[in-house]
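J.: A predicted structure for the sequence below; I have some questions about it.
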Amino acid sequence: MKVVIGRYVPGTGFFYTMDPRTKIIALIILMVATFLIDSLMLMLIAIGLIVLLMIVGKIGIKRVYLGLRPLMFLLMFTFVFQVLFNRQGDILLKRTVFYSPLSLLLGIGLIVMWLFTKKFTRFKLFYFVAVIAGVFYIFTELGDLNPFAQSTLAIYEEGLFMAMFIMLRLIIIVTLSTILTITTKPTDLNLGLEHVLKPLKVFRINTEDIAMIISISLRYIPTLLDEANKIMLAQASRGVDFKEGKLKDKVMQIVSLLVPMFIISFKRSDELANAMEARSFVPGAKRTRLHVLAWKTLDSVTIVVALLALTLSITLRIWPWI
Amino acid sequence: MAIKFEHVSFQYKSIDNKGYLALNEVNVAIENKGEFITLIGETGSGKSTLVQHMNALLTPTKGAMNIFGIKISSKSKENKNVKFNPIRKQVGLVFQFPEYQLFEETVEKDIMFGPKNFGVNEREAKKRAREAIAMVGLDESYLERSPFNLSGGEKKRVSIAGILAMEPDILILDEPTSGLDPRGRDALLKVFYDIHTSLNKTVLIITHDMNTVYEYARRVLVMREGELVYDGDPVKLFSRTNVDNWNLDVPDIIRLKQALETEFKLDLSGTIRNKQALLKRLEELLS
Amino acid sequence: MNMIEIKNLGFSYQKDDVALSDVSFNVQKGEWLTILGHNGSGKSTLSKLLVGLLKPNNGSVVVDGQTLSEETVYDIRKKIGIVFQNPDNQFVGVTVKDDIAFGLENLQIERDEMLKRIDEYASRVDMTDFLEKEPQALSGGQKQRVAIAGILAMQTDVIIFDESTAMLDPKGRKEILNYIKKLNDVGVTVIMITHDMREAVLSDRILVLKEGHVLKIGPTKDILLDKETLESSNLELLLPLEVMHTLEQKNINYPKLKEFLWQLSLNT
C-alpha cells in the first residue's frame, strides 16, 4: 500500500515529542528564513542541516523522498522552464535547433515510443531524462539535412542558477512541511493550529469554531469515503460503468455519485447540528477542553533555534559572506 | 441454474495488508425462476459481500462463479474480456439505503435511469417506469415528484421500482423492510411476494426479521463468519440445535407454538407459518 | 411529580404541513413512557420540541417547573438529553473518549471532573476498552452506547430515545434495550420513541400518536391490548396478545391461557 504524501506515521524521536504549536511556528519561521536565502551555497548548507535534523530526529529520509516524488514532475518542469527561458547572464551553451522532416520524424517517434513503453521501466525518471536528451540530440545534431526552419537554443548562466535555486527552495519547503505532517497526528495539528491562530480573534474570527469544523471534517473523512464506495456500488447495480464511457457518460457518472453524496451530507449536517445543540453546544461560547497541550523545554529550544536560523538568514542576506 | 458459485472465497485487502476473509468456500446455486429465498446472518457474516458477488460487483479471490452463462473466475487475467455490466441487468440488486441511489430531478427520471443505462429507449423506459411505480404500490402522481421530498418508506419503494424497471430475472433486496413501521413492512413484503408469484421471478431478501423468514421463505441461506452454514427449509432451520448453535432469533410464531404446546398440551403440529393459520387452529382446538 | 408537562403543543413545518396538533400529556419522574406511532405521526417532531430544537406554534413545554422558552432552553437542555436514530450522525468526536467529552466541554466541566465522568459512564455502557477507538471501528450498537454514555455524563434527569434502535441489527437492539432498562432501574426518566412493539412492552405507560394527534395514553397493559388504537396507527399487536384478543372476540373463556399469553408477551 503506497504511503500517502505526508500522512502521519507513528514513531519516536524529538519531533514526535514536540508540541504541535512549536512545529507550526517553527515551520513558518524556517519558511521565511528559506525565502530570504539568496546564495546557492547557503541553500545547499540548509538542505544539509535539514537532512542532519531528520537523521537525529529519526525520521525516515526514504519516506520524505517518497513524499517528494509526486512533485518530481513539477520540479522538472520548473527547472526546464528556467533553463530555457531565462536569458540573463553569460551564455553557457549555444546550439542551433534544426527542424527537418527527418528530425521531426525521429523526435516524435522517440516520444511516442516513450509514451508506450514507459509503463515497463522501473526507473521512470531516468528513462524520461534519457528520452529528453535523445530528443535534444536529434534536433541539434541530426537535423541539419534539409531543415525547413531553425532556431537557437541557448542556456544562460543565470538560467541554470535560478533553475537550481528554485528547485532547491521547493525541496526545502516541501521537506519541512512533510516533517510536520509525518510527525503530527491530524487532531494534534488541529489543536496546535487552534492555539496558534488565537491572535486572529482580534479580527472577530472565531478560531475555536474553525478548529471544530476541521475536527468534525477529520472525523467524517473515513465515513465519506465509505459512502462514496457504497454509492458507486449502488449505481453500478443500475448499469453505471465507472470505468468506461465517453465524456458525456462520465459527466452523468459523476453526477450520479455527487448528488447522493451531497444529499446525504446535508441530511447529516442537519442531524449532527441538532445532536450538538441538544448536547448544549453553543457556537462561540466558552468551552473547557479535554485535550491540553503542554509546553516543554524542547519546545522553547526549538523556537530559539528557528529564530537563530532566521537571524542568520537575514544577516547573511545583508552581509553576504557565504 | 442461473447463478452457480463453486468454492467462492473473498478476501478483503486492508491498508495494513492484514486482509479479512469475508467469504469462505461458498457453494450455492440459484434458479432464475420461482425461488423465494431469505438470506440471514449476523452483521459481518458476509451477506452483503455474497450478494455483491451475485451481480458481479465483486469477483472472488478464489473459486469460480457462473452467472447466466458468464463465467467469472478468481484470476483477473481470465476476466479481462468479461463484460460485467450485462449481468447487472439480469441480477438486480437493491441496496439497503435508497439515499445511495436516488439522484434525479424526478421520480420518473430516476426509475428510468437503470433501464436507459442498459439501452432501453426513452419511450419504453417511460412505460416501464409507469409499470414499476404501480408494482411497488405508489400512485402515478409520484412520478413527477422529486425523490428527495418523499418519506423513508416512499423512497424505499422508488429505489425498488428503479431496479424493477430494469426487468431483472433475479431480484435481490438488502434489508428492504428495515426502518418501516409494521404496516409498511407488511405491505412491502406482500409486493415482493406478488412479484414472485405473478412474474415467477426469483426473489432473494436479506433480512434480520425471522418472522419474515418463517412466513415467506421457501428456502433459507444462513451465513456465519463467511461460511454458508445452512441452505434449506425454513421450518427445519429453527430446530433447537440450530437455534442454540447459531444464536438465532426464534420467530414469534414458533415461540408461541412451543410455549402453548408445552404448557397447555395443545396440538399445534403441521404447517402453521403465519398468524392467520395459528389463530384458525387455536379457534378449532378451543371452541 | 410531573417531570415534564406538555399542554396543547402544536407545530407545523410549513403552512399546510401540520406535524403536531393539540398534544397534551405529562411525564412522571422516574417513569418509562413509550411514544408509539406510524412513520410520519409526529414522533420525532415531538422529541425535538421537547429540547427546544424546534419552536412550537402553540402550546407549552414545562420541564421540572421551568417553561421552555428562548431564555430557558439552555437550562432545559441540561435536564433532557436525546439519543437520536442515526449512530453516525450524532458522533462528534474523533474517538470515543472525545465524543463523550463533547457534552462535558460544552457544559464547561473542569478537566479533572471530565476525566472522572468519562471513565465512569464509559464503564456503565461497557465501552471502557474502546475509549481510544475511532467511530469507523465500532458497530452501530457500540456507537449508540457511546451516545448514551455521552448523555449520561451530562447527568440529565430525562433521556429521550428517538428511534435509537431503528438502525441497529437485532443484537445491537437487544444491547441498547438492556442498557435502557438498567438506566430506568436507577431512576432515569425514559421517553422512548419507537414503532417496535417489543420495545414498548418494557415501559410503564404508552402514548399513541396518529397524524399529529394523541390517539390514546394509558398504562402499557391497556394500550398493548387495544387492537383498534394500535392498528389505526399502523402498528400491530404482539403475537400472544393478538391471540388473546381473538380468543376474547370469539368468546372463548380460558383465563389461565390468557394470563399465560400476557406473561409471554412481557418476555418478548
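T.: Everything's here; your move. Numbers count the residues shown, from 1 in each chain, chains lettered A, B, ... in the order given.
J.: For chain B, what is the nearest residue in the stretch 151-268 of chain C?
T.: Distances between the stretch 151-268 of chain C and chain B by CB to the nearest CB are smallest at C:Asn234, namely 3.7 Å. Every C-beta, even on glycine, is put in place using the N, C-alpha and C of the backbone.
J.: what does chain A give?
T.: Of all residues in chain A, the one sitting closest to chain B is A:Gly239 (2.9 Å; CB to the nearest CB).
J.: Can you name the element that comes right after the longest helix along chain C?
T.: Ranked by residue count and defined by DSSP state H, the top helix of chain C is helix C:170-185. The helix or strand immediately downstream of helix C:170-185 is strand C:189-194, counting by DSSP states H and E.
J.: Near chain A, which residues of the stretch 51-200 of chain B? Just list them.
T.: B:52, B:55, B:57, B:85, B:88-89, B:92-95, B:97, B:99-103, B:113-114, B:117-118, B:148, B:162-163, B:166 (CB under 8 Å from any CB of the partner chain).
J.: hmm, try it at 6 Å
T.: B:55, B:57, B:85, B:88, B:93, B:95, B:99-101, B:103, B:113-114, B:117-118 (CB under 6 Å from any CB of the partner chain).
J.: I'd like to know which of the residues you listed are part of helices.
T.: When DSSP H is applied, these are split such that B:85, B:88, B:113-114, B:117 fall in helices.
J.: backbone phi and psi for the residue in the stretch 1-150 of chain B positioned nearest to chain C, please?
T.: Using CB to the nearest CB, B:Thr43 is the residue of the stretch 1-150 of chain B that sits closest to chain C, at 4.7 Å. Main-chain dihedrals, B:Thr43, degrees, to the nearest 10: phi -60, psi 130.
J.: pLDDT score for the residue nearest to it when sequence neighbours are not counted?
T.: Of all residues beyond its chain neighbours, the one nearest B:Thr43 is C:Asp169 (4.7 Å), with distances taken as CB to CB, 6 or more residues apart in numbering or on different chains. On the pLDDT scale, C:Asp169 is placed at 89.
J.: Verify the stated contact: C:Asp169 with B:Ser45.
T.: No - taking contacts as CB atoms under 6 Å, C:Asp169 lies outside contact range of B:Ser45: 10.3 Å.
J.: Let me know the next secondary structure element after the helix or strand hosting B:Asn27.
T.: Assigned by DSSP H and E, B:Asn27 falls within strand B:20-30. Later in the chain than strand B:20-30, the nearest helix or strand by DSSP H and E is strand B:36-40.
J.: Report the angle between that following strand and strand B:20-30.
T.: Inter-element angle recorded for strand B:36-40 and strand B:20-30: 160 degrees (by axes from the mean of the first three to the mean of the last three CA atoms, to 10 degrees).
J.: For strand B:36-40, buried residues please.
T.: Using 16 or more other CB atoms under 10 Å in any protein chain shown as the test for burial, strand B:36-40 gives B:36-40.
J.: so what strands line up beside that strand?
T.: strand B:202-206 (parallel), strand B:219-224 (parallel) (DSSP bridges).
J.: For it, which outside residues touch it?
T.: B:47, B:196, B:203-207, B:213, B:217-222 (CB atoms under 6 Å, 6 or more residues apart in numbering or on different chains).
J.: Distance from that strand to the middle of the chain?
T.: Averaging C-alpha positions (CA atoms, centre = their mean, to the nearest Å) puts strand B:36-40 6 Å from its chain's average.
J.: Format the CA atom coordinates belonging to it as CSV.
T.: C-alpha atoms of strand B:36-40 as CSV (Å, rounded to 0.1, in the frame of the first residue of the first chain):
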residue,chain,number,x,y,z
PHE,B,36,-38.2,-17.1,-2.7
ILE,B,37,-35.0,-17.1,-0.7
THR,B,38,-34.1,-15.3,2.5
LEU,B,39,-30.5,-14.8,3.5
ILE,B,40,-29.8,-14.3,7.1
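J.: Stretch C:125-137 close to chain A?
T.: Yes - Stretch C:125-137 reaches chain A (CB under 6 Å from any CB) through C:Gln136.
J.: Most neighbours of all the residues of the stretch 51-200 of chain B next to chain A, which one?
T.: Neighbour counts for these, by other CB atoms under 10 Å in any protein chain shown, peak at B:Gly114, which reaches 30 neighbours.
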